[in-house]
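Asks: the sequence isn't on hand, but the structure is:
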């Protein structure tokens with residue numbers, strides 16, 4: 001049963017012609033019969049990119065790299081790679097050497113690009129900062145009220161507290177909040193500080209850092225709140241730069257809390 005389909009294929013018949021000659025035959029069965037017997041050349045479906053593939057291989061043998069072939073033929077780099085990957089590289093390097101060279105080129109590119117992008121970001125930040133300029137006390141009050149409403153402790157309808165407590169890890173924001181309190185008429189002597197930090201950190205060094213940042217007296221700092229260290233947790237806030245968070249509380253701050261709430265409400269109301 002297999003000899004007849006094979007003979008017809010060798011005579012140059014197509015699959016459709018073989019089925020017509022032999023009568024109805026299951027396509028899967030016919031495929032099994034013809035396995036290993038190449039079809040006639042005229043029956044092959046032409047590939048629209050056959051000419052491009054042949055040209056890409058020709059250019060590769062002439063010594064052109066992938067990008068040059070892509071530019072010359074206007075095709076994708078992935079297609080060029082598929083067509084010529086079995087050919088030797090123009091400079092005789094192995095595939096591994098080519099990959100290593102490409103990786104090194106990529107590292108050098110990003111080393112330069114990161115510097116350029118960092119400089120571009122710095123320029124944009126400087127231009128934006130120039131738009132702000134010096135802040136008046138009124139502007140400090142507005143910005144400080146919103147900062148507190150984002151980061152500070154707020155009363156809940158079911159639990160009125162009306163206490164002014166602000167916690168953050170950014171020294172710049174801490175300094176700005178202190179400036180806000182100055183503009184609001186709050187004396188630095190009415191402030192209490194408490195550091196919150198993981199027990200695995202250098203607690204004494206961090207406490208000294210926050211005392212220096214705030215310019216406050218050591219007796220204004222309460223006993224630090226230590227967070228228990230979980231060795232299973234992968235933390236990013238480690239090393240000499242980790243100094244925890246600083247909690248600022250205003251003594252007798254009920255009246256100030258009401259003012260902050262009013263300021264923030266007015267700003268958000270537009």
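Replies: Cool, the structure landed. This one's a predicted model, so the numbers in the text were calculated from it and none came from an experiment.
Asks: quick one: low-confidence residue ranges for the stretch 101-250 of the chain.
Replies: Applying pLDDT under 70 to the stretch 101-250 of the chain flags the ranges 235.
Asks: what are the ranges of the helices in it?
Replies: Assigned by DSSP state H, counting those that start in this stretch, the helices in the stretch 101-250 of the chain fall at 137-151, 171-183, 203-214.
Asks: can you tell me which of those is nearest to residue 163?
Replies: helix 137-151 (11.7 Å; CB to CB). In this view, the C-beta of every residue, glycine as well, is placed from N, C-alpha and C.
Asks: so that closest one versus helix 171-183, what angle?
Replies: Computed by axes from the mean of the first three to the mean of the last three CA atoms, to 10 degrees, the angle separating helix 137-151 from helix 171-183 equals 130 degrees.
Asks: quick one: the strands in this protein, in order.
Replies: Remark: strands assigned in the chain by DSSP state E are 165-168, 191-198, 225-227, 245-250.
Asks: the third one: partners in the sheet, and parallel or antiparallel?
Replies: Looking at strand 225-227 with DSSP bridges, its paired strands and their directions are strand 191-198 (parallel).
Asks: run the chain-centre distance for the strand it pairs with.
Replies: 32 Å (CA atoms, centre = their mean, to the nearest Å).
Asks: what's it in contact with?
Replies: Outside strand 191-198, the residues that touch it by CB atoms under 8 Å, 6 or more residues apart in numbering are 167, 178, 181, 203, 206-207, 210, 214, 216, 220-229, 235, 237, 242-251.
Asks: which among the residues you listed count as buried?
Replies: Buried by 16 or more other CB atoms under 10 Å: 167, 178, 181, 203, 206-207, 210, 214, 216, 220-221, 224, 242-250, out of the contacts of strand 191-198.
Asks: re earlier: in TSV, list the strands of the chain along with distance to residue 108.
Replies: Conversion of the strands of the chain to TSV gives the following (distance: least, CB to CB, whole Å):
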stretch	distance to residue 108
strand 165-168	39
strand 191-198	38
strand 225-227	42
strand 245-250	40
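Asks: for residue 11, which of those is the nearest?
Replies: That would be strand 191-198 among the strands of the chain, by CB to CB, at 82.9 Å.
Asks: and the residue nearest to the spatial centre of the chain, how far from residue 123?
Replies: The residue lying closest to the centre of the chain (CA atoms, centre = their mean) is residue 114, at 14.1 Å. Distance of residue 114 to residue 123, given as CB to CB, to the nearest Å: 15 Å.
Asks: again, but for residue 243
Replies: Here residue 243 is placed at a distance of 30 Å from residue 123 (CB to CB).
Asks: do the same with residue 230
Replies: Residue 230 is 42 Å from residue 123, by CB to CB.
Asks: over to residue 185?
Replies: Taking CB to CB as the measure, residue 185 and residue 123 are separated by 38 Å.
Asks: show me this structure divided up by domain.
Replies: Domains of the chain are assigned by automatic domain parsing as 1-45, 137-269.
Asks: for the record, mean pLDDT for the shortest one?
Replies: If I follow you right, that is domain 1-45. For domain 1-45, mean pLDDT is 79.
Asks: one step back: could the helices of the stretch 101-250 of the chain be laid out in JSON lines, adding distance to residue 158?
Replies: Shown next, in JSON lines, are the helices of the stretch 101-250 of the chain (distance: least, CB to CB, whole Å):
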{"stretch": "helix 137-151", "distance to residue 158": "19"}
{"stretch": "helix 171-183", "distance to residue 158": "27"}
{"stretch": "helix 203-214", "distance to residue 158": "33"}
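Asks: which one of these lies closest to residue 261?
Replies: Residue 261 lies closest to helix 137-151 among the helices of the stretch 101-250 of the chain, at 8.1 Å (CB to CB).
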